[in-house]
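build me a structure from this.
(one chain, ligands or ions: 1)
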Amino acid sequence: MMLLSSATPVDTRESVTDPSPVVRAADVTKVYTRGSDPGRLGKLLGRPEAPRVHALKNASVSINPGEIVGLAGPSGSGKSTLLHLLAGLELPTEGTVTFQETDLETLSTRQRTRLRLEHVGIVFQHFHLVGSLSARANVALPLVELGVGKRKRRERATELLERVGLGDRVGHRPGELSGGEQQRVAIARALVTDPTLVIADEPTGELDTETGRRVLDEFERIAADRAVVLASHDQPTLAISDRIVRLKDGTIRGDGDA
Ligand SMILES: Nc1ncnc2c1ncn2[C@@H]1O[C@H](COP(=O)(O)OP(=O)(O)OP(=O)(O)O)[C@@H](O)[C@H]1O
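Got it, this is the predicted structure:
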């Protein structure tokens, strides 16, 4: 689906069919500061610098079209951080993230947001749905941000909800839906812009086994014509991956067939 006007600053959609990676992180390091630095005066007064956390250290990974890549590793190993960098939600402290042909560092914040809105769908563990809106309005939200007209938004959101088996729930609010249904609404929302890359952080973490299985089936369908990266502690979730990247203490310790 073409959602953009010709004035759009960045549109890499044409290269979707390229065999080159959808997204590539090269030697990325991400350092977070815990708390705030003392400033010049604080330093003069001998206040200590805020501690720094190396959430990722020199990590390199490529994600290709059509593949599901699982991120595995203990809590705090850097999975969410890597997902955030691949999704363009944050920039690395060092190293580069290249989305198709675009080095994300070269974009303005506005361009990066636009690229993410158009090309990346994100699914969170806790669904992140707006409680006061219907399922259809939740799914349509990214299209509102992209300036798509109301009729087209409704059509597209309804189509996506039908695709995830919720055609009879379009008017329900999140509180009137089961956990699995809410997660399927979140998946429909992630797909509504027809993204090239879908990022999922613990997508089955809140679901029982049976419901989780249905959500995973949906991810397997999604991956047929795009790339999916999902972080999980859960073995059945990782089992749908074509490849598993294993993280420990912010470094990649393995990258191979699942
Ligand atoms: N915004 C932040 N500010 C400060 N430290 C952070 C921030 N985000 C992550 N960290 C730290 O970076 C490290 C990696 O965190 P990350 O969330 O990437 O790990 P994870 O593997 O996803 O963990 P989990 O499985 O528990 O979600 C942790 O030590 C975490 O506390």
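
next one: phi and psi at residue 187?
Backbone torsions for residue 187, taken as degrees, to the nearest 10, come to phi -70, psi -40.

that one is in contact with residue 123, isn't it?
Yes. Applying C-beta atoms under 8 Å, one finds residue 187 in contact with residue 123, separated by 5.7 Å. Every residue, glycine included, has its C-beta placed from N, CA and C.

any shared contact partners between these two?
Common neighbours of residue 187 and residue 123, using C-beta atoms under 8 Å, 6 or more residues apart in numbering, are residue 203.

and residue 184, what does it touch?
164, 165, 166, 214, 215, 218.

name the SS class of residue 98, please.
Secondary structure, DSSP: H, G, I helix; E, B strand; the rest coil: residue 98 is strand.

now it, nearest residue through space, not along the chain?
residue 24 (4.8 Å; C-beta to C-beta, 6 or more residues apart in numbering).

bridging residues for the one you found?
Beta-bridge partners for residue 24, by DSSP bridges, are residue 62, residue 98.

give me every residue that touches it.
60, 61, 62, 63, 97, 98.

where does the stretch 1-150 of the chain dip in pLDDT?
Residues of the stretch 1-150 of the chain that meet the criterion pLDDT under 70 lie in 1-19.

which parts of it sit against the ligand?
32, 34, 53, 55, 73, 75, 76, 77, 78, 79, 80, 81 (C-beta under 6 Å from any ligand atom).

of those residues, buried ones?
55, 73, 77, 78, 79, 80, 81 (16 or more other C-beta atoms under 10 Å).

quick one, what contacts the second one?
The one in question is residue 73. 79, 246, 247, 248, 253.

switch those over to JSON lines; also include distance to residue 233 and secondary structure.
Below are these laid out as JSON lines (distance: C-beta to C-beta, whole Å; DSSP: H, G, I helix; E, B strand; the rest coil):
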{"residue": "79", "distance to residue 233": "9", "secondary structure": "helix"}
{"residue": "246", "distance to residue 233": "12", "secondary structure": "strand"}
{"residue": "247", "distance to residue 233": "12", "secondary structure": "strand"}
{"residue": "248", "distance to residue 233": "13", "secondary structure": "strand"}
{"residue": "253", "distance to residue 233": "16", "secondary structure": "strand"}
